[in-house]
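Peer 1: could you look at this predicted model? Sequence included:
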Amino acid sequence: MSATTNSSAPTTAEETAELPTHEVALTDVAAGKVRSLLEQEGRTDLRLRVAVQPGGCSGLIYQLYFDERMLDGDAVRDFDGVEVVVDKMSVPYLSGASIDFEDTISKQGFTIDNPNAGGSCACGDSFH
């Protein structure tokens with residue numbers, strides 16, 4: 001049975017140091033965008049959660065969202081004040097992945113470059 005911590009207080013550096021870590025990278029541009037979005041929300045207790053879930057036409061989809069929870073088995077890494085959390089089931093799928101943010105005339109949004117993805121569907125929303 002998993003225990004869920006629903007604390008609204010941000011984790012301290014000491015508490016973060018005790019948690020497992022992951023190998024997902026967050027570029028400086030992406031960290032800046034996350035910081036900006038958190039400031040807009042007016043929340044200091046949120047972290048960026050990255051997960052892999054079954055779905056899409058290729059079998060797996062990425063999920064990126066803000067989350068105040070720290071779940072049993074979560075791995076966390078701090079990028080200059082931006083905490084990125086990955087659940088224990090997603091860690092192997094995301095090992096070595098890099099999250100960036102693109103802001104061009106043709107595209108705006110977060111991108112994930114994942115060396116573990118064997119391929120993706122034509123729409124680019126899922127991978128295997």
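Peer 2: Sure thing, it's come through. Numbering: from 1, shown residues only.

Peer 1: contacting residues around residue 41?
Peer 2: Applying C-beta atoms under 8 Å, 6 or more residues apart in numbering to residue 41 gives the contacts residue 66. All C-beta spots, glycine's among them, are computed from the backbone N, C-alpha and C.

Peer 1: can you give me phi and psi for it?
Peer 2: phi -70, psi -20 (degrees, to the nearest 10).

Peer 1: which strand or helix spans the spatially most central residue of the chain?
Peer 2: Central residue of the chain (C-alpha atoms, centre = their mean): residue 50, 2.6 Å from the mean position. Here residue 50 is covered by strand 47-55, with elements defined by DSSP states H and E.

Peer 1: show me which positions of that strand end up buried.
Peer 2: Buried residues in strand 47-55, counted by 16 or more other C-beta atoms under 10 Å: 47, 48, 49, 50, 51, 52.

Peer 1: next structured bit after it?
Peer 2: Counting by DSSP H and E, the next helix or strand C-terminal to strand 47-55 is strand 59-67.

Peer 1: after that following strand, which helix or strand is next?
Peer 2: Counting by DSSP H and E, what follows strand 59-67 is strand 70-71.

Peer 1: quick one: distance of that next one to the chain centre.
Peer 2: Relative to its parent chain, strand 70-71 has a centroid offset of 13 Å by C-alpha atoms, centre = their mean, to the nearest Å.

Peer 1: by contact count, what packs against it?
Peer 2: strand 4-5 (3 or more C-beta pairs under 8 Å, 6 or more residues apart in numbering; DSSP states H and E).
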